[in-house]
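[1] Predicted coordinates and the sequence they were generated for:
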Amino acid sequence: MEDATALFRRYKDQVYRLALSFTGSPADAEDVTQTVFLKYLETHPELEEGREKAWLLQVAANESRSLWRRLKRRVTVPLEEAQAVAALPPQAGTVLEAVAKLKSTYRVVLYLFYYEGYSTQEIAQMLRVNQSAVTTRLHRARKQLKKQLEQEGTHETGI
């Protein structure tokens, strides 16, 4: 198992982006990120080699949901702030703007599937929903993205 500093350096951006996609607020995402790594330090979980990222993202998802429930708010803020953190090509800006307009439920599954590379089964475990719900959310998110991009005249084949 890696030391906490190395884990933080390697995964802080991914944890932050996931938290941001859940909360929609940079300040809340920073709080969640901090909490995730504090929990790692406090619990010293016994993780298999290579499972650290999954554990951190699972805790980030749980903490984001907990924060959401505590604050009892459903404010959606565009993810433009995450673009500075994400290493995306310049043409991704239009798609990122379209993704930011989606409901949080759809943004999260898109992020985990396309940006983090998790399977639908892994996402279902992280979000504590069944796999068919993840598949449905992905389908609906793609459909809404396609519609938005077509309306803006920036749709390319393959979405």
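    Looks like it came in fine. Residues are numbered from 1 along each chain as shown.

[2] From the contact counts, what lies against the host helix or strand of Gln148?
    Secondary-structure assignment from DSSP states H and E places Gln148 in helix 131-152. Using 3 or more CB pairs under 8 Å, 6 or more residues apart in numbering; DSSP states H and E as the contact definition, the elements that helix 131-152 packs against are helix 92-100, helix 104-110, helix 120-127. In this view, the C-beta of every residue, glycine as well, is placed from N, C-alpha and C.

[3] Now do the residue nearest the centre of the chain against Leu138, distance only.
    Centrality entry for the chain: nearest residue to the mean C-alpha point is Leu18, 2.7 Å, by CA atoms, centre = their mean. When CB to CB, to the nearest Å is the yardstick, Leu18 and Leu138 sit 16 Å from each other.

[4] next one: Val32
    The separation that Val32 has from Leu138, given CB to CB, amounts to 23 Å.

[5] cool, Gln121 as well?
    Relative to Leu138, Gln121 is positioned 12 Å away (criterion: CB to CB).

[6] So for the two, which residue has more residues nearby?
    The residue with more neighbours, out of Gln121 and Leu138, is Leu138; 18 against 12, by other CB atoms under 10 Å.

[7] tell me the contacts of the more buried one?
    Each residue near Leu138 by CB atoms under 8 Å, 6 or more residues apart in numbering is listed here: Val109, Leu110, Phe113, Thr120.
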